[in-house]
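K.L.:
dropping the sequence and predicted coords here.
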Amino acid sequence: MAEAEQPADTLAAPAATAARGSRPRSRSAPGSRRATVIGAGSFGTALAVLLARGGLRTTLQTRTDEQAKRLEEEHENHVYLPDVELPGNLRIESAAAGIARADFVFLAVPSGALGAVIATLDAAGLGRRTAVVSVAKGLVPPEGLPPTTVLGARFGAHRVACLGGPAHAREMVRAGAALVAACSEEALAQSLAQIFTRAGVVCEQSNDPLGVELAGSAKNAAALAAGATEAQGLNAAGAAAGHIFAEVWRYAEGLGARPESMIGLAGAGDLVATALARTSRNRRAGELLADGVPAAEIPGVIGQAVEALESVPLLGRALERAGVAAPVTGALGRLISGELPLDEWVALVRATVPPPARWRRRPQPGFLRRVWWRMSGR
């Protein structure tokens, strides 16, 4: 999936107390269901186009009234998704309008802005049965938690989902994509998959939201690392990406995530799409770091938020707190902060050796014969 977009302005309201609603309602005919996408960056806009195609009564919410008016008048998001016509049945409004009637709320904002947006959802009119879906590819500050972990604690895991997979925004609306809808509640994952299938997009169902989100975080970090290292050698770039995926996987495994989430569409598939895309913000951010551009200036150069710049340091600290050896991920955070020079970063990547395999003890002589005798009842 394309990296998360520019943050939407938070809806002006105090945080409400945690509310655990009942399970998502049975899904009725597509035309009677409503979806709201908060965040009108490139991926949020593309997502809204797909949802409208999939038969949902869809609203795209922008940061400001001025942005909403401009998109409504131009029937196109010239800034973030040019040359893609917005469907006539797509409603556009600012985030101040609220979300009271939505059956699905999609949070298409960077992970760094998620905490502020989540705190406003109750006051914005979030229904007790409304499903909340994150499309972020990073961790929520300040603790560095996966988005569905934060959302689940506040609203209940059964009504929270996330999207992963290789889905470059422009290509997604023109030629399709390969999404992963992950939720602990089977009915919600199925419902999301059906919506995107109707819109012409392949959508895998997963019951491992934690694994899907950490795979996305690893993908963004690996893409940035590869971009920063490619000019120093393809082997170094590949090693950087491989080390980061292995380090994040050891962390994910300790939390109960499954390996298929890391090697499937949400992990390896998304990494390939991002690494090959010359327009990838995370890859480009790595290249700019290698050119000596300070991290604080990179979003301005690119023109959009770069999720990995904020999320990688959080990821490194999360791995450290969990006691996971993560020399490459941690060093990437120091490269972003300017504490580690590029040549030292590359040297560390080239010299890092992963932990050895956990060798199994050889069976004692006669082991197979003893097993055969026991199985045969002799």
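P.N.:
Received the coordinates, thanks.
K.L.:
any idea how far residue 145 is from residue 259?
P.N.:
As judged by C-beta to C-beta, to the nearest Å, residue 259 and residue 145 stand 21 Å apart. Every C-beta, even on glycine, is put in place using the N, C-alpha and C of the backbone.
K.L.:
okay, the two: which has more neighbours?
P.N.:
The residue with more neighbours, out of residue 259 and residue 145, is residue 145; 19 against 13, by other C-beta atoms under 10 Å.
K.L.:
what sits against the residue lying closest to residue 199 once chain neighbours are set aside?
P.N.:
Closest residue in space to residue 199, ignoring its immediate chain neighbours: residue 54 at 3.8 Å, by C-beta to C-beta, 6 or more residues apart in numbering. Contacts for residue 54 were tallied using C-beta atoms under 8 Å, 6 or more residues apart in numbering; they are 30, 195-199.
K.L.:
got the CA coordinates for stretch 107-120 in PDB?
P.N.:
Written as PDB, here are the backbone C-alpha positions of stretch 107-120 (Å, rounded to 0.1, in the frame of the first residue of the first chain):
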ATOM      1  CA  LEU A 107      -8.500   6.800   8.900                       C
ATOM      2  CA  ALA A 108      -6.300   7.800   6.000                       C
ATOM      3  CA  VAL A 109      -3.900   9.900   8.000                       C
ATOM      4  CA  PRO A 110      -0.200   9.200   8.900                       C
ATOM      5  CA  SER A 111       0.400   7.200  12.100                       C
ATOM      6  CA  GLY A 112       1.900  10.300  13.700                       C
ATOM      7  CA  ALA A 113      -1.500  12.100  13.500                       C
ATOM      8  CA  LEU A 114      -3.600   9.100  14.400                       C
ATOM      9  CA  GLY A 115      -3.600   9.600  18.200                       C
ATOM     10  CA  ALA A 116      -5.000  13.100  17.800                       C
ATOM     11  CA  VAL A 117      -7.700  12.000  15.300                       C
ATOM     12  CA  ILE A 118      -8.700   8.900  17.300                       C
ATOM     13  CA  ALA A 119      -9.300  11.200  20.400                       C
ATOM     14  CA  THR A 120     -11.900  13.100  18.400                       C
END
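K.L.:
roughly how far is it from the heart of the chain?
P.N.:
Counting by C-alpha atoms, centre = their mean, to the nearest Å, stretch 107-120 is centred 12 Å from the centre of its parent chain.
K.L.:
show me what counts as buried in that stretch.
P.N.:
Neighbour counts using 16 or more other C-beta atoms under 10 Å place 107-120 of stretch 107-120 among the buried residues.
K.L.:
between the residues you listed, which is nearest residue 343?
P.N.:
residue 112 (29.0 Å; C-beta to C-beta).
K.L.:
and the helix or strand harbouring residue 191, what's its mean pLDDT?
P.N.:
Element membership for residue 191, per DSSP states H and E: helix 186-198. Averaging pLDDT along helix 186-198 gives 97.
K.L.:
does residue 142 count as helix, strand or coil?
P.N.:
coil (DSSP: H, G, I helix; E, B strand; the rest coil).
K.L.:
just give me the neighbour total for it.
P.N.:
Counted with other C-beta under 10 Å, residue 142 comes out at 9.
K.L.:
ok, it to residue 155 distance?
P.N.:
20 Å.
K.L.:
returning to that earlier point: just the ones of the buried residues of stretch 107-120 in helices?
P.N.:
In helices, judged by DSSP state H, the following of these are found: 111-118.
K.L.:
of all those residues, which comes closest to residue 355?
P.N.:
Ranked by distance to residue 355 (C-beta to C-beta), those are led by residue 111 at 28.1 Å.
K.L.:
pull the contacting residues for the closest one.
P.N.:
4, 136-141, 147, 307, 310-311.
K.L.:
how near is it to residue 236?
P.N.:
27 Å.
K.L.:
run the chain-centre distance for stretch 306-323.
P.N.:
14 Å.
K.L.:
so residue 305 touches residue 108, yeah?
P.N.:
No: with contact defined as C-beta atoms under 8 Å, residue 305 does not reach residue 108; the gap is 11.5 Å.
K.L.:
where do the helices sit along the stretch 51-200 of the chain?
P.N.:
65-74, 111-118, 147-155, 169-175, 186-198 (DSSP state H, counting those that start in this stretch).
K.L.:
next, residue 324: phi, psi?
P.N.:
Backbone torsions for residue 324, taken as degrees, to the nearest 10, come to phi -90, psi 130.
K.L.:
residues near residue 272, how many?
P.N.:
Count around residue 272 with other C-beta under 10 Å applied: 13.
K.L.:
now it, nearest residue through space, not along the chain?
P.N.:
Counting by C-beta to C-beta, 6+ apart, residue 166 is the residue found nearest to residue 272 once chain neighbours are left out, at 7.0 Å.
K.L.:
and the strands in the stretch 1-150 of the chain, which stretches?
P.N.:
Counting by DSSP state E, counting those that start in this stretch, the stretch 1-150 of the chain has strands at residues 34-38, 57-62, 76-77, 81-85, 91-94, 104-107, 131-134.
K.L.:
can you list contacts of the fifth one?
P.N.:
When contacts are taken as C-beta under 8 Å, 6+ apart, the neighbours of strand 91-94 outside the stretch itself are 40, 57-65, 67-68, 71-72, 86.
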